[in-house]
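Visitor: This is the structure alone, sequence omitted:
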């Protein structure tokens, strides 16, 4: 499965929902992360006065960071164009994260409602 930024943040904050993914992460279950999540985590760290490198290292230790290929970028553009007709809040970054999961045949685990009604998405809850 590929973890969305929202799931990583819940894990880092040790919320009740974050605890649901903790055992998977700490039991060496293979999970993946889109590199754009690293950028979003950096923003979250800056907003919350946290050391970015610590959280990025945790992500690298607990998951495999995927490459963003040309296929993913092309697919994310198609997804973005289609989804913006239905949901004008979905971001291009979200579409790249979703396309990463889709291209790699991974389930996307998220809390973000912008992914609602998309195939291959599971909501942490």
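Guide: Received it, and whenever you're ready, just let me know what you need. Values in this document were obtained by computation on a predicted structure and should not be read as measured data.
Visitor: CA atoms for contacts and neighbours, from now on please.
Guide: Fine.
Visitor: And the helices in the chain, which stretches?
Guide: Using DSSP state H, the helices of the chain run over residues 5-12, 16-26, 35-47, 52-62, 70-84, 92-103.
Visitor: highest average neighbour count across these?
Guide: Each of the helices of the chain was scored by mean neighbour count; the highest is helix 92-103, a mean of 22, by mean count of other CA atoms under 10 Å.
Visitor: how far off helix 70-84 does that helix point, in degrees?
Guide: 120 degrees (axes from the mean of the first three to the mean of the last three CA atoms, to 10 degrees).
Visitor: hmm, who's touching helix 92-103?
Guide: 1-2, 4, 34, 36-37, 66, 68, 71-73, 75-77, 79-80, 107-108, 120 (CA atoms under 8 Å, 6 or more residues apart in numbering).
Visitor: by how many degrees do that helix and helix 5-12 diverge?
Guide: 90 degrees.
Visitor: Let the chain start at 533 from now.
Guide: Sure, I'll start counting at 533 from here, so that last one is helix 624-635.
Visitor: Now do helix 624-635, average pLDDT.
Guide: Per-residue pLDDT over helix 624-635 has a mean of 97.
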